[in-house]
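1. take this sequence and fold it.
(2 chains)
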Amino acid sequence: GALVYQYPRRTICKSGTSMRMECQAVGFQATSVAWYRQSPQKTFELIALSTVNSAIKYEQNFTQEKFPISHPNLSFSSMTVLNAYLEDRGLYLCGARVGNTEVFFGKGTRLTVV
Amino acid sequence: GDSVTQTEGPVTVSESESLIINCTYSATSIAYPNLFWYVRYPGEGLQLLLKVITAGQKGSSRGFEATYNKETTSFHLQKASVQESDSAVYYCALGGMNYGSSGNKLIFGIGTLLSVKP
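-> Numbers count the residues shown, from 1 in each chain, chains lettered A, B, ... in the order given. I've put the predicted structure just below:
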């Protein structure tokens, strides 16, 4: 079956430092990968959508300069949170899709900033 | 704009009781809205519970069902008899192609924590 692994599951970083998180599609090739963030007491917000052979599209309030994404092949994507501060804490979710089918989500990376 | 509003939790019901979690949506920039219910069990990732892509249709899964009502812009989740194992967070979501943009995205509601008492 289709699985999406995210690594690490939890991470703590010091304020002002950066951390990278990874998303691996297993059992299928993801033609698009979406990164979401769930901040405390909020719902999941789309950060960016990365589609094969297209430019990565960032949502309002999120920029490539702050959340650079790499999507080198159909089974892997990574995102870095640069210069993390308290407002960046939360659960980061990766959703991978093949074509127009169901989105498969990983379990998320929980980021704590201290 | 595009948004989803759902019942704020936590919602606590006893086993075998019926359940309804309300969800309404606003889709101003999405050409053909698709509606979803996702569920997140403790310690697990987000899983698709059910989806409906055509207005007027009903989706069902694991005893849950939801009808896509375009007139009332609603997609309420219902179950006739809940079980303790249904305890989880439920997210209503709106998806579909946005006008003038490539790709598609999901817009989630706030999530409703459901606790089922034995």
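2. so what does the worst-scoring helix or strand of chain B on mean pLDDT touch, helix or strand wise?
-> Across the helices and strands of chain B, mean confidence by mean pLDDT, DSSP states H and E is lowest for strand B:104-108: a mean of 84. Here strand B:104-108 touches strand A:32-38, strand A:44-51, strand B:3-6, strand B:88-97, going by 3 or more C-beta pairs under 8 Å, 6 or more residues apart in numbering or on different chains; DSSP states H and E. Quick note: C-beta positions are derived from backbone N, CA and C, even for glycine.
3. distance to residue A:72, mean pLDDT and mean neighbour count added to those, as a markdown table?
-> A markdown table is the format used below for those (distance: least, C-beta to C-beta, whole Å; pLDDT from 0 to 100; neighbours: other C-beta atoms under 10 Å in any protein chain shown):
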| stretch | distance to residue A:72 | mean pLDDT | mean neighbour count |
| --- | --- | --- | --- |
| strand A:32-38 | 11 | 94 | 24 |
| strand A:44-51 | 10 | 92 | 22 |
| strand B:3-6 | 33 | 96 | 19 |
| strand B:88-97 | 26 | 90 | 22 |
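4. mind listing the strands for the chain?
-> Going with chain A. When secondary structure is read from DSSP state E, chain A shows strands at A:3-7, A:10-13, A:19-26, A:32-38, A:44-51, A:57-58, A:69-73, A:76-81, A:90-97, A:103-105, A:109-113.
5. that's the other chain; I wanted chain B
-> Going by DSSP E, chain B shows strands at B:3-6, B:11-14, B:19-21, B:23-26, B:34-40, B:46-52, B:58-61, B:64-67, B:77-79, B:88-97, B:104-108, B:112-117.
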